[in-house]
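# Mind looking at a prediction? Sequence and model below.
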Amino acid sequence: MSEIKEEVTGNEKSLNFLEEIIGESVSRGEKRVLTRFPPEPNGYLHIGHAKSICLNFGLAKKYGGATNLRFDDTNPVKEDVEYVDSIKEDVHWLGFDWAGEHYASDYFDQLYEWAEELIRKGKAYVDDQTQEEIRQGRGTVTVPGTPSPWRDRSVEENLDLFRRMRAGEFPDGAKVLRARIDMAHPNMLMRDPIMYRIIHTEHHRTGSKWCIYPMYDFAHGQSDSIEKITHSICTLEFDVHRPLYDWFIQELGIYPSHQYEFARLNLTYTMMSKRKLLQLVQNKIVMGWDDPRMPTICALRRKGYTPESVRAFAERVGVAKRDNVIDLSLLEFCVREDLNKVAERRMAVVNPLKVVITNYPEGKTEEVKCINNPENEEAGTRLVPFSREIYIERDDFMEEPPKKYYRLSPGKEVRLRYAYLIKCEEVIKNDEGEVVELRCTYDPMSGGGSSSDGRKVKGVIHWVSVPHAVKAELRLFDTLFTKENPDDVEEGKTFLDYLNPDSLVVRTGYLEPSLSGAKPGDKFQFERVGYFCMDKDSTPSSPVFNRTVGLKDSWAKMQAK
Ligand code: ATP
Ligand code: MG
């Protein structure tokens, strides 16, 4: 019924090109949809991977299929179990469950057999040339390659040499196995691509069993085939690999998985190369892979992002066939939108200025009732202590205010959120002339924030009672790079030359006492300040909060322009 209704009202969201492809194959009678997410365990997953995860799992789910998690662990030099564990944690956190957990390394025996099969068919040979010689022999886009002097070895000799490569008789780089395709092929990747290389390094799963390892092109499509993946979705730069992907499947006569490409996610002010992210970690430029300034999923989590907000972001970005760059403010918009619904409100002062309310009784404390979340009635209310001395935000006072400044200034009144109207009577300064304290009076008849005589007070500011305040470290993050595209570096510079010196500003803030019960990972809106999430560095005596995102919505503003 609902489908029909959607059709009639024209509300149905148009399908992206991958949905169209899968929808077509399903309507042709193809019963099964099986996708896979294939990370190389050589680093932590980032927001770009999140996009790919949401796409692979989302498509399968939509068409009643399933998704495998496959670790593309064919290079023992860069891979580690630490990364495997973090990847599993991150996929789960995003809200997805995989059908099968697989490792390309589980297929090494099968891949080896298939390599021998290609040798026997005369479709692969052992090449003794150096890496440099092979590179040069490839030719260029306009010049055909030159065949290797070893290209016409006999099947027997190739089999013998390949077996001895496997047995460990040769050092790293001495020989490779190459597919025998076409040295003049217009697609450079088809000019006898390398299938196997020698690497005498222990593998995190297969130990020292192997000293030859398959290349991406002779592992990825074959793994897809072994798992009977129907739709192998990857990023655009792999479109040139597709003919090779198909060639191996055809020559081996194995299950015909198909590869489809979509545009990778690029975000402004964000760098996503795992190699460069590793550099930031190793050089201690950031606190670790989960430093909230990193684009990794674990960093977003630590910063206070919710899985819902990341999935909503992936959905809004959509799938494109052409490369584009998404504005970082869209990601921030998505987390703000979600936290606005789910985060409880609290009062916290980031940059404190002390206010003494001279006509408020000394030693008296009142409990004022505050609404936890105006977006969600069920979140209820809480009581917050109010007393004679409070902190307000330094920015909420101006000695010489411009017109239309509705906050506190000498002789003027302001409303304290949920409490009273106060009037600034006196400004106390230190020897340097800095304002250090305000003396105010309050209107005892203005409880709950409304005046008894109907006079209008426009400004409302937040506050925290001094004797009850919880002192906390507040970490205010900005982008890690000053450049919109940190990968686009000037000559003689590296991406490290564009680090933002103010990417982390640490402040001491004062929080309402209810926050002393918070746990790491808890998320709040500090009223008028921003969304914050308690950090794992917190101790009972010194809590730490990360600013997830400010309240100002630069994305909506950009859209309105
Ligand atoms: P590296 O940075 O080491 O080259 P990678 O970013 O390609 O690695 P993989 O672990 O090989 O990382 O990627 C796993 C999957 O995630 C692949 O299918 C890849 O296409 C996809 N992916 C990686 N980066 C992005 C991105 N920015 N946007 C969308 N998908 C991505
Ligand atoms: Mg890769």
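Noted; the coordinates are in hand. Keep in mind it's a predicted model, so treat the numbers as computed, not measured. Ligands and ions are numbered 1, 2, ... in the order given.
# Around Asp522, count how many other residues there are.
By the criterion of other Cβ atoms under 10 Å, Asp522 has 16 neighbours. All C-beta spots, glycine's among them, are computed from the backbone N, C-alpha and C.
# List the contacts of it.
Listed by Cβ atoms under 8 Å, 6 or more residues apart in numbering, the contact set of Asp522 reads Cys533, Met534.
# can you do 6 Å?
Met534 (Cβ atoms under 6 Å, 6 or more residues apart in numbering).
# repeat for the one 3 residues further on
Contacts were defined as Cβ under 6 Å, 6+ apart; by that measure Gln525 touches Ala343, Arg345, Tyr531.
# Now do the helices for the protein: every range, in order, please.
Secondary structure of the chain (DSSP state H): helices at 2-9, 17-27, 47-62, 81-93, 108-120, 131-137, 155-167, 220-226, 242-252, 274-282, 297-303, 307-317, 328-342, 554-560.
# Could you list the residues in contact with the third one?
Contact with helix 47-62 is made by 33, 35, 37, 66-67, 91, 94, 96, 233, 264-265, 272, 295, 297, 310-311, 314, as judged by Cβ under 6 Å, 6+ apart.
# Flag every buried residue along stretch 52-68.
Within stretch 52-68, the residues that qualify as buried are 52-60, 63, 65-68, counting by 16 or more other Cβ atoms under 10 Å.
# Check stretch 276-284 too.
Of the residues in stretch 276-284, Leu277, Leu280, Val281 count as buried by neighbour count, 16+ other Cβ under 10 Å.
# Quick check: which of those residues are also close to ligand 1?
Residues of these in contact with ligand 1 (Cβ under 6 Å from any ligand atom): none.
# Return the residues of the chain in contact with ligand 1.
Residues of the chain lying close to ligand 1 (Cβ under 6 Å from any ligand atom) are 38-40, 42, 48-49, 51-52, 234-235, 264-265, 272-274.
# Let's see that with 5 Å instead.
Listed as neighbours of ligand 1 in the chain under the rule Cβ under 5 Å from any ligand atom: 39-40, 48-49, 51-52, 234-235, 264-265, 272-274.
# Can you check these and name whichever has the most neighbours?
Counting neighbours by other Cβ under 10 Å, Leu265 comes out on top of the residues of the chain next to ligand 1 with 27 neighbours.
# Would you enumerate the residues in contact with that one?
Contact analysis of Leu265 by Cβ under 6 Å, 6+ apart lists Gly48, Lys51.
# what does the one 3 residues further on give?
Under the criterion of Cβ under 6 Å, 6+ apart, the contact list for Thr268 reads Asp327, Leu328, Glu484.
# Need the distance between the two termini of stretch 367-379.
End-to-end distance of stretch 367-379 (Cα to Cα, to the nearest Å): 18 Å.
# Show the average pLDDT along that stretch.
Mean pLDDT, computed over stretch 367-379, is 96.
# same thing with stretch 352-359?
The model assigns stretch 352-359 a mean pLDDT of 98.
# and the contacts of Thr268 as TSV, adding pLDDT?
Below are those laid out as TSV (pLDDT from 0 to 100):
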residue	pLDDT
Asp327	96
Leu328	96
Glu484	95
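# Which of those has the largest number of neighbours?
Highest neighbour count within the contacts of Thr268, by other Cβ under 10 Å: Leu328, with 18 neighbours.
# What sits closest to it if chain neighbours are left out?
Excluding the flanking residues, the one nearest Leu328 by Cβ to Cβ, 6 or more residues apart in numbering is Thr268, at 4.8 Å.
# Give me the nearest residue to Phe313, chain neighbours excluded.
Cys334 (4.2 Å).
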